[in-house]
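Peer 1: Predicted model follows, preceded by the sequence.
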Amino acid sequence: MKKKQVNRSEIIDEWLDLYPIRQHPFETDSDGKVTIIVPHNENWFTRKLLPKPKKPAQKIHLDELGSFVWQCCDGNLSIREICAELQSKFQEKAAVAAQERIVLFCQQMYKQNFIKVYSRKTSDESGEHQKS
């Protein structure tokens, strides 16, 4: 049996309807650029075999557009809505293929466990979202 070939545009359309939520704390500098603070993973194996890291966390520095997208990843906006906000704020810098670029950025952040994505918002009191 052959696997069904998934079109790239179909994947992008699916991701545009997801709601991203940040998983790590961050700092914002005076220019508005974000630095994500990613703590080192520690388990019994790494504690026994590897030396203690000199820095308690890894810092990921984002550019202006990445910082804007990161700050919007609070679970209240879908990726499609984030694209619209980005294009209205950065009309000159946001390219024609902004949706595809933002989806790729979010996919990378998801793969690195910097964000989680949910399929839709729910209106319950706990603020939990349906997991995708």
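Peer 2: Cool, the structure landed.

Peer 1: any weak-confidence spans in the chain?
Peer 2: Filtered on pLDDT under 70, the chain yields the residue ranges 1-5, 42-44, 46-48, 51-53, 55, 92-97, 121-132.

Peer 1: mind listing the helices for it?
Peer 2: In the chain, the helices defined using DSSP state H lie at 8-16, 44-49, 64-72, 79-89, 98-111.

Peer 1: could those go into TSV alongside mean neighbour count and distance to V117?
Peer 2: Just so you know, the C-beta spots here come from the backbone N, C-alpha and C atoms, and that holds for glycine as well. Listed next are the helices of the chain as TSV, based on neighbours: other Cβ atoms under 10 Å; distance: least, Cβ to Cβ, whole Å:
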stretch	mean neighbour count	distance to V117
helix 8-16	14	8
helix 44-49	9	28
helix 64-72	19	13
helix 79-89	17	8
helix 98-111	18	6
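
Peer 1: Which of these sits closest to V34?
Peer 2: Smallest distance to V34 across those (Cβ to Cβ): 3.9 Å, for helix 64-72.

Peer 1: how close does E81 sit to P20?
Peer 2: Computed as Cβ to Cβ, to the nearest Å, the E81 to P20 distance reads 11 Å.

Peer 1: ok, now E10?
Peer 2: To P20, E10 is 19 Å away according to Cβ to Cβ.

Peer 1: Same question for N7.
Peer 2: For N7, the distance to P20 (Cβ to Cβ) stands at 22 Å.
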